[in-house]
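[1] Would you be able to build a 3D model of this:
(2 chains)
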Amino acid sequence: MEKLVIEPTFNSPSVILDPESNQFDFSGESRPENVRKFYLPILEWLDGYAKEQSGMSRSERSSNLIVQFNFEYFNSTSAKYILDIFKALNVLNDLSLKILVKWLYEEDDEDMLEVGQEMSRMSKLDFEYINTDA
Amino acid sequence: MAKAEVIVDFKGPISFATMEMILNKLRSSEAFNAMKKPAKKRLYGTVVESIDNIYKYAARDQTTARSKKKLPVLAIKKRGKEFIVTVGNLVTNDVVEDLKFKLDRVNQLDNEALKSLYEDVINKEAGVDDNGAGLGLITMALRAEKDIQYSFSLMDQTHSFFQMQITINE
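    Residues are numbered from 1 along each chain as shown, chains lettered A, B, ... in the order given. Predicted structure coming up:
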């Protein structure tokens, strides 16, 4: 899979999906004008990545995947697609890839922490919560 | 009652560009910058979701809105320790019952029930961009300090003016 890089704008996040380093990063603000148009290529990329991984033998597959979410803000429509990303990541989890989700939040931003906890519960993925002010 | 400080008072057609203008005005205001970060994010999110709600429900026929001098409005005011977001727009009468149902539902539920409804809706709606079951309204209700106040004023056989008010604590 080719690395997927989406540059940030004032209303859409930076996205880097790098299969070489096994590091996926999302950061910034998410309230793009067309949320579906923004997130669909990401979900398609993850689907392609899962297909590629499932076609490999266990020894050829990536072993650890670090996925970092550092959102300043995302609107409720984006939230649906972010949950879809976690569900797509859960498919990778089923392929025995060890996925480490890092959910970053600012110390006093309890809403962001709580949303992360809900996302973790709904997607059945374990999250590590990182206080960026600590 | 203390006099309200007006932070944003907008009336006109709402587009993505006007949303940026409104958010910029909010971000550059003294009252907003004096808020603590969590409350700031709640207010910011409420304004974004309010405008999204206009997009979703506004009557497509904006000529009618103009002819009736009922253009969308969005106001952000500060009164004491409360920030009050008022948003209004012309809707077609066929969405009134649906909106009333969703607003009454979020107003009746406590936070735990709202979270459970949020979970039902986000899982059901994932990947669909329609009027949906009101994930934005649920999110606003979770962050708001009081019930969402709303009203519908019947304009004619096909249109009503919908207005809602959300209060966020400083």
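[2] for chain A, what spans make up the strands?
    A:4-6, A:14-18, A:23-30, A:64-74, A:98-105, A:127-131 (DSSP state E).
[3] Which one, of those strands, ends up nearest to chain B?
    Closest to chain B of the strands of chain A is strand A:64-74 (C-beta to the nearest C-beta; 6.2 Å). Any C-beta I mention is one placed from the backbone N, CA and C, and that applies to glycine too.
[4] Wondering if that closest one reaches chain B at all.
    Yes: using C-beta under 8 Å from any C-beta of the partner chain, strand A:64-74 reaches chain B at A:Y73.
[5] So for that strand, mean pLDDT?
    Mean pLDDT, strand A:64-74: 95.
[6] Can you list the strands that it pairs with?
    strand A:23-30 (parallel), strand A:98-105 (parallel) (DSSP bridges).
[7] could you list every residue that touches the nearest residue to A:K102 once chain neighbours are set aside?
    Residue nearest to A:K102 in three dimensions, not counting chain neighbours: A:Q68, with 4.5 Å by C-beta to C-beta, 6 or more residues apart in numbering or on different chains. With contact taken as C-beta atoms under 8 Å, 6 or more residues apart in numbering or on different chains, A:Q68 is in contact with A:23-27, A:101-102, A:104.
[8] Just list whatever residues bridge to A:Q68.
    A:D25, A:K102.
[9] before we move on, what about B:K11?
    B:V73.
[10] just checking, it touches B:K69?
    No: if you go by C-beta atoms under 8 Å, B:K11 and B:K69 don't touch, sitting 9.7 Å apart.
[11] all helices of chain B, in order?
    Here chain B has its helices, by DSSP state H, at B:16-27, B:30-33, B:37-57, B:62-67, B:96-108, B:111-125, B:135-143.
[12] B:T86: which of the ones you listed is closest?
    Nearest to B:T86 among these is helix B:37-57 (8.7 Å), distances taken as C-beta to C-beta.
[13] Which positions in chain B make contact with chain A?
    Counting by C-beta under 8 Å from any C-beta, the positions of chain B adjacent to chain A are B:16, B:20, B:36-38, B:41-42, B:44-45, B:48-49, B:52, B:115, B:118-119, B:122-123, B:125-129, B:135-136, B:138-139, B:143.
[14] show me the residues around the residue of chain A found nearest chain B that make contact.
    Taking C-beta to the nearest C-beta, chain B has its nearest neighbour within chain A at A:S76, 4.3 Å off. Contact analysis of A:S76 by C-beta under 8 Å, 6+ apart lists B:49, B:52, B:135-136, B:138-139.
[15] Take the strands of chain A and write them to TSV, including distance to A:F86.
    Output for those, formatted as TSV (distance: least, C-beta to C-beta, whole Å):
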stretch	distance to A:F86
strand A:4-6	17
strand A:14-18	14
strand A:23-30	11
strand A:64-74	9
strand A:98-105	8
strand A:127-131	9
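[16] Give me the spatial nearest neighbour of A:A134, chain neighbours excluded.
    Distances taken as C-beta to C-beta, 6+ apart put A:E107 closest to A:A134, at 6.9 Å, once the chain neighbours are dropped.
[17] burial measure for that neighbour, as a count.
    As a burial measure, A:E107 scores 12 neighbours (other C-beta atoms under 10 Å in any protein chain shown).
[18] wait, doesn't it sit right on A:I130?
    No: between A:E107 and A:I130 there is no contact under C-beta under 8 Å: 10.7 Å.
[19] Pick out the least confidently modelled helix or strand of chain B, by mean pLDDT.
    helix B:62-67 (a mean of 65; mean pLDDT, DSSP states H and E).
[20] Let me fix that, I meant to ask about chain A.
    Every helix and strand of chain A was ranked by mean pLDDT, DSSP H and E. The lowest is helix A:76-94, at a mean of 91.
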